[in-house]
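> Dropping a prediction and its sequence here:
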Amino acid sequence: LAGAWHARSKSDQDIVCQLALEKDYAVCEAPLRKFAKLQDPPIDYIADIWSLRASVDAFVNLGHLIGPEHLARFSKAAIAVFGQIVEPPKPDEVYRPASQRGADTHSRWLRDGMMNTLLHMAVLHDQAEFNVPGTTPQEYVNSLVRGLPGLSKDHRLMVSLQDQMSLLAEAAPIPFLEALERLLEGDAMAIRPIFEEQKGLIGSHSYYFGVLWGLEVIAWDPQLLLRASICLARLASVDPGGTFSNRPINSLRSIFLSWLPNTSANADQRKGVLMNILETVPDISWDLLMQLLPRAHDHSSPTQRPVFREFNEPEVITYAVVWDSQSFIVE
């Protein structure tokens with residue numbers, strides 16, 4: 001359930017003990033050492049890091065053993081790990097790990113490991129024969145994410161979850177969109193601070209990338225493309241600009257680019273969503289259309305893709321599809 005953790009992190013040790021229902025961390029770690037020395041070990045121990053070698057295989061083969069008692073402990077641990085607001089590092093500490101900055105937080109290994117577990121539960125439950133009594137695995141994950149304190153009220157939690165945001169969005173796209181839509185209500189002052197750039201020793205740093213990656217992942221789903229695109233458009237309308245090229249309006253361009261769309265939605269669906277964006281968020285409509293106009297020499301970068309979720313194969317991009325999309329933009 002933990003996936004990975006830092007053996008010398010007291011915060012990580014507490015979570016592992018909570019999951020294992022043990023008071024002494026040494027009792028949790030002792031049985032693992034024999035596995036780490038096998039010729040083909042299922043769990044690795046390298047540089048104080050315990051990690052599952054193949055978390056997907058582990059979940060698919062062992063997921064059916066997870067019962068209500070384990071889920072109750074996992075829910076409590078996940079709220080503790082992902083509900084914690086981690087203050088951004090100071091300029092002279094940007095390139096130092098949290099453990100070296102003295103921050104009392106859980107390691108990146110544990111946060112990634114537990115978020116991957118959530119994603120496995122949401123997407124791979126059929127293969128693992130993983131069941132949640134009284135509900136579905138997806139609803140269990142949705143309920144857990146909705147229960148994160150401050151997710152829809154405090155932009156700092158979005159910042160704290162930046163590195164896991166694309167996985168969270170794939171695991172629980174509806175709760176992620178609900179929280180973001182709440183933060184974007186009104187003049188979006190609740191979320192605008194994520195665009196602030198922090199000066200470091202070498203360059204600047206910002207903390208909105210995770211939100212963009214999460215929305216780019218969701219945009220691959222034709223059924224959620226509209227909601228993800230409206231969120232990106234609202235973010236673009238309050239984006240003050242900065243030194244980074246990775247901005248909400250550029251994510252929209254990549255998603256709706258006629259010759260290389262980054263969504264599984266077909267051309268008609270893309271045109272319908274685009275028209276809705278122009279009507280709903282007119283502040284960015286002209287800039288977006290200008291970026292979507294055909295160019296003699298064009299280029300584009302791929303957006304963040306889902307890790308496990310699969311949608312219909314994107315339509316074949318023919319000259320007819322490209323010209324039709326471009327004519328729609330020009331008109």
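Ah, there it is.

> Mind jotting down where the strands sit in the stretch 101-250 of the chain?
Here the stretch 101-250 of the chain has its strands, by DSSP state E, counting those that start in this stretch, at 198-199, 204-205.

> Could you export these to JSON lines, including columns for distance to E185 and mean pLDDT?
(Glycine included, C-beta is placed from N, CA and C.) Listed next are the strands of the stretch 101-250 of the chain as JSON lines, based on distance: least, Cβ to Cβ, whole Å; pLDDT from 0 to 100:
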{"stretch": "strand 198-199", "distance to E185": "26", "mean pLDDT": "74"}
{"stretch": "strand 204-205", "distance to E185": "27", "mean pLDDT": "72"}
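
> Make CSV out of those and add distance to D221 and mean neighbour count.
Formatted as CSV, these follow (distance: least, Cβ to Cβ, whole Å; neighbours: other Cβ atoms under 10 Å):
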stretch, distance to D221, mean neighbour count
strand 198-199, 32, 12
strand 204-205, 30, 16
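
> Is it possible to get TSV of these that adds distance to M165?
Shown next, in TSV, are these (distance: least, Cβ to Cβ, whole Å):
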stretch	distance to M165
strand 198-199	18
strand 204-205	16
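
> burial of the closest residue to E29 other than its chain neighbours, as a residue count?
Computed as Cβ to Cβ, 6 or more residues apart in numbering, the closest residue to E29 that is not its neighbour in sequence is A7, at 6.8 Å. By the criterion of other Cβ atoms under 10 Å, A7 has 17 neighbours.

> again, but for T263
When counting by other Cβ under 10 Å, one arrives at 25 neighbours for T263.

> That one touches P314, doesn't it?
Yes - under the criterion of Cβ atoms under 8 Å, T263 is in contact with P314, at a separation of 7.4 Å.

> re the thing from before, how about the strands of the stretch 101-250 of the chain, which one is nearest C28?
Each of the strands of the stretch 101-250 of the chain has some distance to C28 by Cβ to Cβ; the shortest is strand 204-205, at 35.3 Å.

> Return the distance of the closest one from the chain's centre.
20 Å (Cα atoms, centre = their mean, to the nearest Å).

> What of stretch 40-48?
Offset of stretch 40-48 from its chain centre (Cα atoms, centre = their mean): 26 Å.

> before we move on, what about stretch 20-33?
With Cα atoms, centre = their mean, you get 30 Å for stretch 20-33.

> what residues does that stretch touch?
Stretch 20-33 is contacted from outside by A7, Q13, D14, V16, C17, I43, Y45, W50, R73, using Cβ atoms under 8 Å, 6 or more residues apart in numbering.

> quick one: which of those residues sit in helices?
Among the contacts of stretch 20-33, DSSP state H puts Q13, D14, V16, C17, R73 in helices.

> residues touching the fourth one, list them.
Translated: C17. Taking Cβ under 8 Å, 6+ apart, we find C17 in contact with K23, D24, Y25, C28.

> thinking again about what came up before, and the residue nearest to E29, what pLDDT?
For A7, the pLDDT comes out at 95.

> Torsion angles phi and psi at it?
A7 has phi and psi values of phi -70, psi -20 when expressed as degrees, to the nearest 10.
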